[in-house]
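*Asks:* Generate a structure from the sequence data that follows.
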Amino acid sequence: MYDWLVAAVLGIVQALTEFLPISSSAHVRIVGEFMLPGQDPGAFFTAIIQIGTEAAVVVYFWRDIVSIISKWCKALVGKHDRKDPEVRLGWLIIVGSIPIVILGLLFQDAIEGALRSLWITATMLIVFGLIIGLADWVGKRERTLEDMSWGQGIAYGFAQALALIPGVSRSGGTIMAGRFMGFDRPAAARYSFLLAIPAVLGSGFYSVFQTLGTTDMVIGWGPTILATIIAFGLGLLVIHWFLGYVKTKSFAIFVWYRVALGIVLYILLGTGVLAAT
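*Replies:* Residues are numbered from 1 along each chain as shown. Here you go, the predicted structure:
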């Protein structure tokens with residue numbers, strides 16, 4: 001029964017942190033270490049429960065997604081204007097998804113092993129927290145998604161790939177890139193959500209395929225499915241709140257939170273309260 005409790009808590013943690021620029025993988029890793037002393041919930045578990053939060057993105061942006069896919073497909077066969085902003089956005093999402101796929105496959109062993117050290121997580125929380133703060137401060141706040149160039153789309157893709165390192169944050173990396181390139185907060189957040197769909201769902205279902213038939217999972221399939229369902233339901237509420245928040249507020253609170261959490265994590269690791277691996 002304890003596995004079910006752990007899974008439920010981690011599903012809540014995943015939903016509360018996936019869309020905020022504070023790194024859901026870091027939080028799942030840290031909370032998992034507290035609840036399962038000496039054990040990492042695992043990269044597979046993290047990837048699978050992310051299917052829940054990404055399904056929430058698909059539901060929330062369903063009309064946008066259908067419109068983009070429909071126009072993109074029609075433009076592909078010459079039945080729609082290829083210069084339509086949504087057609088271009090479809091291509092940018094495809095191009096922007098390539099870096100994380102290639103780097104994820106090339107560095108899979110490191111991602112599932114060495115890079116999950118909590119020392120690295122603590123460092124990334126602080127370093128990228130400060131970078132996000134800088135990006136938000138210097139951002140011109142004048143560009144929308146219709147202004148995005150191909151080069152900026154690729155830059156977004158590499159920024160998303162940084163999230164392969166726990167502590168960076170997928171939304172944090174892409175929002176950071178967007179703010180540095182002058183996109184306003186709502187545009188940076190919206191594109192961050194849309195860009196994540198292919199990568200996260202692909203990673204999640206790939207992890208499902210890899211773990212089918214295995215008995216090597218730290219948390220079993222039943223509890224993992226429960227965590228995924230919780231992440232989906234609560235994730236819908238978090239998306240709605242966050243998109244409303246960024247219309248009028250800066251990312252300062254998330255920057256200070258990341259720095260504070262990173263420092264606390266250093267202390268817990270240094271005193272032996274938490275194990276790094």
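
*Asks:* where along the chain do the helices fall?
*Replies:* 2-17, 24-35, 43-60, 62-76, 85-106, 108-112, 118-138, 150-161, 170-180, 185-211, 221-245, 252-270 (DSSP state H).

*Asks:* Could you list every helix and strand in contact with the second one?
*Replies:* Helix 24-35 is packed against helix 2-17, helix 43-60, helix 118-138, with contacts defined by 3 or more CB pairs under 8 Å, 6 or more residues apart in numbering; DSSP states H and E. Glycine gets a C-beta too; all of them are placed from N, C-alpha and C.

*Asks:* Reformat those as JSON lines; add distance to residue 93.
*Replies:* Shown next, in JSON lines, are the helices and strands packed on helix 24-35 (distance: least, CB to CB, whole Å):
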{"stretch": "helix 2-17", "distance to residue 93": "23"}
{"stretch": "helix 43-60", "distance to residue 93": "12"}
{"stretch": "helix 118-138", "distance to residue 93": "21"}
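
*Asks:* Out of those helices, which gets nearest to residue 207?
*Replies:* helix 43-60 (4.0 Å; CB to CB).

*Asks:* list the contacts for the closest residue to residue 55 other than its chain neighbours?
*Replies:* Closest residue in space to residue 55, ignoring its immediate chain neighbours: residue 232 at 5.0 Å, by CB to CB, 6 or more residues apart in numbering. Residue 232 makes contact with 15, 52, 53, 55, 56, according to CB atoms under 8 Å, 6 or more residues apart in numbering.

*Asks:* Most neighbours out of those, which is it?
*Replies:* residue 53 (28 neighbours; other CB atoms under 10 Å).

*Asks:* From what I see, it and residue 19 are in contact.
*Replies:* Yes. The criterion here is CB atoms under 8 Å, and residue 53 meets it with residue 19 at 7.2 Å.

*Asks:* which residues are common contacts for the two?
*Replies:* residue 235.

*Asks:* tally of neighbours for residue 274?
*Replies:* 17.

*Asks:* and what of residue 117?
*Replies:* Residue 117 has 18 nearby residues by other CB under 10 Å.
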